[in-house]
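Asker: Sequence unavailable; structure follows:
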């Protein structure tokens with residue numbers, strides 16, 4: 001237990017002296033010294049130069065995590081692309097690779113090939129990976145080892161996708177996670193000091209959501225919690241397409257946004273182009289208000305059930321719309337609900353899914369490496 005506490009402190013502070021360990025843990029001087037010696041002998045910790053000279057005139061020996069003690073990989077699977085990031089156990093990125101072609105949609109085997117290629121570029125063997133977290137734009141049911149809502153990513157619909165990945169990387173702990181859930185993990189880290197209970201509303205080419213309760217993801221019994229695309233709001237059409245694509249998706253997804261833009265006189269090839277055109281056109285205020293009303297109605301449904309401390313707008317469209325979009329959604333929400341929660345725009349980076357996957361992967365890798 002003491003070993004793990006000190007290792008986690010070294011991850012947090014990067015370098016510590018024996019005195020620092022004593023101060024932060026309350027351990028005695030002999031215990032702190034023997035503990036650091038034991039960790040150094042195990043290969044998990046190594047000396048890292050000298051600190052500032054103290055009152056006694058001697059500079060203390062500093063220690064840090066041995067970065068080569070383990071490695072973690074994060075994989076973001078998108079329609080037409082796979083991005084891989086590898087970090088050492090201390091959290092420093094070693095390499096990042098992206099493959100954009102039709103072949104990446106051939107399921108776990110193609111993703112595995114890109115992971116191996118990324119390892120090669122970093123001078124690593126795939127056997128050196130302690131953890132691999134794969135992000136997918138769908139819901140993963142861990143009980144049945146199957147993915148749902150991934151028709152747009154060919155090759156990932158068959159059963160036992162997790163087992164296939166684990167067979168391809170037998171030396172690593174492999175996990176599959178929903179992409180928006182991982183974005184919520186990145187948001188929680190980026191927004192330290194804010195409430196750990198929030199709903200992340202994902203606004204992109206499609207719509208999605210993630211539920212964070214007291215700092216932990218709520219995935220539901222089938223891994224489908226937060227699938228906001230299937231929310232029913234006024235104006236939703238109930239038909240076969242809504243059952244497979246989602247009723248809300250049809251009202252705020254790519255086609256709907258381009259339709260709103262076309263109605264305002266703007267032809268757009270993507271959802272982002274459509275939103276930009278609407279926001280830049282003062283005469284399109286009615287269309288913007290209609291879009292924000294749809295968002296607000298969806299958020300109201302979530303608030304009525306979850307009562308989160310805050311709602312976070314995330315995804316490409318949320319970042320593009322910024323404060324103007326947030327303010328209009330907040331205004332519409334206030335008209336629907338007597339007491340709406342705080343509504344904010346994400347503070348995570350522009351790669352929140354990959355960042356969240358790496359945070360999860362590092363956590364898994366450290367659990368494996370630090371307890372051996």
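Answerer: Cool, got the structure. This is a predicted model, so every value here is computed, not measured.
Asker: buried sites along the helix or strand bottoming out on mean pLDDT in the chain?
Answerer: Using mean pLDDT, DSSP states H and E, helix 240-245 stands out as the lowest-scoring helix or strand of the chain, at a mean of 80. For helix 240-245, the neighbour count (16 or more other Cβ atoms under 10 Å) marks 242, 245 as buried. C-beta coordinates here come from the backbone N, C-alpha and C atoms, glycine included.
Asker: how distant is the helix or strand following it from the center of its chain?
Answerer: Using DSSP states H and E, the helix or strand that follows helix 240-245 in sequence is helix 247-252. Mean C-alpha position of helix 247-252 versus that of the full chain (Cα atoms, centre = their mean, to the nearest Å) differs by 23 Å.
Asker: How about stretch 1-12?
Answerer: 24 Å.
Asker: need the contact list for residue 317.
Answerer: When contacts are counted by Cβ atoms under 8 Å, 6 or more residues apart in numbering, residue 317 touches 203, 204, 257, 271, 272, 275, 325.
Asker: what does residue 178 give?
Answerer: Counting by Cβ under 8 Å, 6+ apart, residue 178 has contacts 135, 136, 137, 138, 139, 140, 208, 210, 219, 223, 226.
Asker: List only buried entries from the residues you listed.
Answerer: Buried among those by 16+ other Cβ under 10 Å: 135, 136, 137, 138, 139, 140, 208, 210, 219, 223, 226.
Asker: Just to check, the first one is in contact with residue 180?
Answerer: No - applying Cβ atoms under 8 Å, one finds residue 135 not in contact with residue 180, separated by 9.3 Å.
Asker: Overlap in contacts, the two.
Answerer: Contacts common to residue 135 and residue 180, judged by Cβ under 8 Å, 6+ apart, are residue 353.
Asker: if we can go back for a sec, what's the closest of the contacts of residue 178 to residue 247?
Answerer: Comparing these against residue 247 with Cβ to Cβ places residue 208 closest, at 13.8 Å.
Asker: Could you tell me whether residue 62 really is in a strand?
Answerer: Yes - assessed with DSSP: H, G, I helix; E, B strand; the rest coil, residue 62 lies in a strand.
Asker: in the sheet, who's paired with it?
Answerer: residue 17 (DSSP bridges).
Asker: How much space separates it from residue 342?
Answerer: Using Cβ to Cβ, to the nearest Å, we find residue 62 at a distance of 41 Å from residue 342.
Asker: Then residue 255?
Answerer: In this view, residue 255 and residue 342 are 31 Å apart by Cβ to Cβ.
Asker: State the pLDDT value of the closest residue to residue 342 other than its chain neighbours.
Answerer: Take residue 342 and drop its neighbours on the chain: the residue closest to it by Cβ to Cβ, 6 or more residues apart in numbering is residue 310, 4.1 Å away. On the pLDDT scale, residue 310 is placed at 95.
Asker: Residue 310: what's it in contact with?
Answerer: 194, 195, 197, 198, 199, 341, 342, 343, 344.
Asker: swap in residue 299?
Answerer: 199, 201, 311, 329, 333, 340, 343.
Asker: One more pass at 6 Å, please.
Answerer: By Cβ atoms under 6 Å, 6 or more residues apart in numbering, the contact list for residue 299 reads 311, 333.
Asker: C-terminal to the helix or strand hosting it, which secondary structure element comes first?
Answerer: Element membership for residue 299 (DSSP H and E) is helix 285-306. From helix 285-306 onward toward the C-terminus, using DSSP H and E, the following helix or strand is strand 310-314.
Asker: before we move on, back to that, how far away is the residue nearest to residue 342 from residue 195?
Answerer: Here the criterion is Cβ to Cβ. By it, residue 310 lies 6 Å from residue 195.
Asker: Now the common contact residues for the two.
Answerer: Between them, residue 310 and residue 195 share no contacting residue, judged by Cβ under 6 Å, 6+ apart.
Asker: any chance you could map the strands in the stretch 251-372 of the chain?
Answerer: Using DSSP state E, counting those that start in this stretch, the strands of the stretch 251-372 of the chain run over 310-314, 342-345.
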